[in-house]
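*Asks:* attaching a predicted model along with its sequence, questions to come.
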Amino acid sequence: MSVAILDYGMANLRSVQKAFACVGSEAVIISRPEEIDRAERLVLPGVGAFRDAIATLRERNLAEAILRHINRGKLFLGICLGLQLLCDVGFEDGEHRGLGVIPGRCVRFDVDSALGLKVPHMGWNQLTARKESRLLADLPPGCSVYFVHGYHVVPADAAVIATETDYGRPFVSSIQRDNVMATQFHPEKSQRVGLKILANFAGM
């Protein structure tokens, strides 16, 4: 079955679409609630600000359609901002209510600049597995993926954490709860490891 990638004006959709094509999976770009309702596998990518993204999803009646998709047990993959939006609340440019799928907060990195750490966190970094995840099946231990983000999620329930990554201190780099999966990193920019992750999602 094909993968549906949601266009809400906040992501480089073509790179995600091309990455799915590289693993032999058809990916279509959609933008309307009724298209979400028909999708079996939904990808919510994103770059930019939490405030603008959640406002756009609500203005276009996409937020409710995303929740319907998830509540029906259909497969969902969030990428970067698409993970952050799943939280109850985000603190970028104020305090803003998220989708409330994964209880928790999205907060700015608090890192020690004396260690040479900058915000946003950009570049390659390692994954440390915290539980088994279908999304991350058959990845080599300690593999690296590509990040670009200034905020990260703090789930209320640690049981959803699939991987952590160290940037001054550990932060959540991916989650999975039942049919809901999401990565803080960009699989579409993470070369062979990222392609394997997208192939895992498309093959579920």
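*Replies:* In hand now; what should we look at?

*Asks:* I'd assumed residue 78 was in contact with residue 179.
*Replies:* No. Judged on CB atoms under 8 Å, residue 179 makes no contact with residue 78 at a distance of 11.9 Å. Backbone N, C-alpha and C define where each C-beta goes, glycine included.

*Asks:* pick out whichever of these two has more residues nearby.
*Replies:* More neighbours surround residue 78 than the other of residue 179 and residue 78, with 28 against 18 (other CB atoms under 10 Å).

*Asks:* contacting residues around the more buried one?
*Replies:* 43, 44, 45, 46, 84, 85, 86, 180, 181, 182, 183 (CB atoms under 8 Å, 6 or more residues apart in numbering).

*Asks:* report the mean per-residue pLDDT for the strand or helix carrying it.
*Replies:* Assigned by DSSP states H and E, residue 78 belongs to strand 75-79. Averaging the model's pLDDT scores along strand 75-79 yields 98.

*Asks:* leaving out chain neighbours, which residue sits closest to residue 7?
*Replies:* Leaving aside its sequence neighbours, residue 7 sits nearest to residue 31 (CB to CB, 6 or more residues apart in numbering; 4.4 Å).

*Asks:* for the one you found, grab phi and psi.
*Replies:* phi -150, psi 0 (degrees, to the nearest 10).

*Asks:* contacts only, for it.
*Replies:* Residue 31 makes contact with 6, 7, 8, 60, according to CB under 8 Å, 6+ apart.

*Asks:* swap the cut-off to 10 Å and go again
*Replies:* Neighbouring residues of residue 31 by CB atoms under 10 Å, 6 or more residues apart in numbering: 5, 6, 7, 8, 9, 13, 60, 62.

*Asks:* rewinding a little: mutual contacts of residue 179 and residue 78, please.
*Replies:* residue 42.

*Asks:* ok, residue 99 to residue 92 distance?
*Replies:* From residue 99 over to residue 92 the distance is 15 Å, taken as CB to CB, to the nearest Å.
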